[in-house]
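In: have a look at this fold, sequence not included:
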C-alpha cells in the first residue's frame with residue numbers, strides 16, 4: 001500500500017482509500033480522503049460506488065485539492081502535467 005501511495009503522490013495523482021472502518025487506515029494517512037463502507041448494510045456496494053463516483057468527480061474538477069500539499073507542486077499553478 002505505501003509503495004503505491006508514494007508512486008501516486010510522486011505522479012501528482014489523487015488517491016482515495018476505502019476501508020470497512022477508519023481504524024483500518026494507518027493513523028498517519030487518516031487525514032487523506034477515506035471512504036468508509038459497512039458491508040453489513042444490504043446496499044453497501046451501491047453506497048460505496050456513489051461515494052467513489054463523487055470523489056472522482058471532485059478530483060477531476062479540482063485535482064490540486066485531491067493531492068496532499070507537499071506533492072502538489074505545479075498543480076497549484078493550474079498545470080496538471
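Out: That came in fine, so what should we check first? Not measured: the values here are computed from a predicted model. Residues are numbered from 1 along each chain as shown.
In: for the rest of this, base every contact and every neighbour count on C-alpha atoms.
Out: Noted.
In: tell me the contacts of the closest residue to residue 37 other than its chain neighbours?
Out: Distances taken as C-alpha to C-alpha, 6 or more residues apart in numbering put residue 20 closest to residue 37, at 5.0 Å, once the chain neighbours are dropped. By C-alpha atoms under 8 Å, 6 or more residues apart in numbering, residue 20 lies in contact with 36, 37, 38, 39.
In: and the helices in the chain?
Out: In the chain, helices defined by DSSP state H lie at 2-10, 44-61, 69-72, listed in chain order.
In: centroid-wise, who is the farthest residue in this structure?
Out: Ranked by distance from the centre of the chain (C-alpha atoms, centre = their mean), the top residue is residue 42, with 24.1 Å.
In: so what pLDDT did that one get?
Out: Note for residue 42: predicted pLDDT of 97.
In: gap between it and residue 48?
Out: Distance of residue 42 to residue 48, computed by C-alpha to C-alpha, to the nearest Å: 12 Å.
In: skip the chain neighbours and tell me the closest residue to residue 21.
Out: Closest residue to residue 21 apart from its sequence neighbours, by C-alpha to C-alpha, 6+ apart: residue 36 at 5.9 Å.
In: can you pull the contacts of the spatially closest residue to residue 55 that is not a sequence neighbour?
Out: Using C-alpha to C-alpha, 6+ apart and skipping residues adjacent in sequence, the residue nearest residue 55 is residue 16, 7.8 Å away. Contacts here follow C-alpha under 8 Å, 6+ apart; on that basis residue 16 touches 32, 33, 34, 35, 55.
In: from these, which would you call buried?
Out: Listed as buried from the contacts of residue 16 are 33, 34, 35, 55; burial here means 16 or more other C-alpha atoms under 10 Å.
In: what's the nearest residue to residue 19 if we skip its chain neighbours?
Out: Residue 19 sits nearest to residue 36 (C-alpha to C-alpha, 6+ apart), 5.1 Å away.
In: for the protein, give me the ranges with low pLDDT.
Out: 64-81 (pLDDT under 70).
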